[in-house]
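Chemist: just coords:
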């Protein structure tokens, strides 16, 4: 047991209110994974460079390795675990990543989906360049990004009720 003071935090995570005591130095990514057993956000670099830990916090995408759990007090958090539709089917983004082969090893995928989720809320019909800029803070070491971009374009089309038209290469 640590002698460090524990601070109470309350937040809503994936629609459920949680209350815990945390050390002030606890990073949000560790709180999610170790205290709440929410393991979708991955620990990649712990320096904010890779984006594997990206979640939605109060409507903005944030890298959970750059936020202390106490800073998320009273926040509304969404992780990749909450991305599926209410009936359990894949969300448009998840479907896009599957259909367009937007993943290989899958390590970056939860953070990439969460960043793309917020990007599409901010800009429901982004251009390829806007998508590339929008996900530029999330690294993928496997795919070369082309299929990730296609996956986001696919999801945007589906969410907008239009047919996805893959660009000629």
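Modeler: It's in. Since the model is a prediction, treat every value here as computed from it, not as a measurement.

Chemist: what residue is smack in the middle of this protein?
Modeler: Centroid-nearest residue in the chain: residue 114, 2.5 Å away (criterion: C-alpha atoms, centre = their mean).

Chemist: once you drop chain neighbours, what's closest to that one?
Modeler: Spatial nearest neighbour of residue 114, excluding adjacent residues (C-beta to C-beta, 6 or more residues apart in numbering): residue 54 at 4.6 Å. No exception for glycine: its C-beta is placed from N, CA and C like everyone else's.

Chemist: contacts for the helix or strand harbouring the residue nearest to the centre of the chain, please.
Modeler: According to DSSP states H and E, residue 114 maps onto helix 109-122. Residues outside helix 109-122 that contact it (C-beta atoms under 8 Å, 6 or more residues apart in numbering): 40-42, 44, 50-56, 59-61, 63, 78-80, 83, 93-94, 97, 102-103, 126, 131, 134-135, 137-138, 140, 148, 151-152, 155-156, 159.

Chemist: what residues does the helix or strand just after that helix touch?
Modeler: Counting by DSSP H and E, the element after helix 109-122 in chain order, helix or strand, is helix 128-134. Residues from elsewhere that reach helix 128-134 (C-beta under 8 Å, 6+ apart): 115, 116, 119, 122, 123, 126, 145, 149, 152, 153, 167.

Chemist: try it again with 10 Å
Modeler: 61, 115-116, 118-120, 122-123, 126-127, 145-146, 148-153, 156, 167 (C-beta atoms under 10 Å, 6 or more residues apart in numbering).

Chemist: buried among these? Need that as a selection in PyMOL.
Modeler: To isolate the buried ones among those in PyMOL, judged by 16 or more other C-beta atoms under 10 Å, type:
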select buried, resi 61+115+116+118+119+120+126+145+148+149+150+151+152+153+156
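
Chemist: give the contact list for the residue lying closest to residue 104 once chain neighbours are set aside.
Modeler: Leaving aside its sequence neighbours, residue 104 sits nearest to residue 142 (C-beta to C-beta, 6+ apart; 3.7 Å). Residues in contact with residue 142 (C-beta under 10 Å, 6+ apart) are 103, 104, 105, 106, 107, 108, 109, 148.

Chemist: what residue spans form the domains of this structure?
Modeler: 7-82, 92-159 (automatic domain parsing).

Chemist: partner residues bridging residue 60?
Modeler: With DSSP bridges as the criterion, residue 60 is bridged to residue 57.

Chemist: one step back: make JSON lines out of the domains of the chain and add mean pLDDT.
Modeler: JSON lines is the format used below for the domains of the chain (pLDDT from 0 to 100):
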{"stretch": "domain 7-82", "mean pLDDT": "97"}
{"stretch": "domain 92-159", "mean pLDDT": "96"}
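
Chemist: I'm done for today, thanks for sticking with me.
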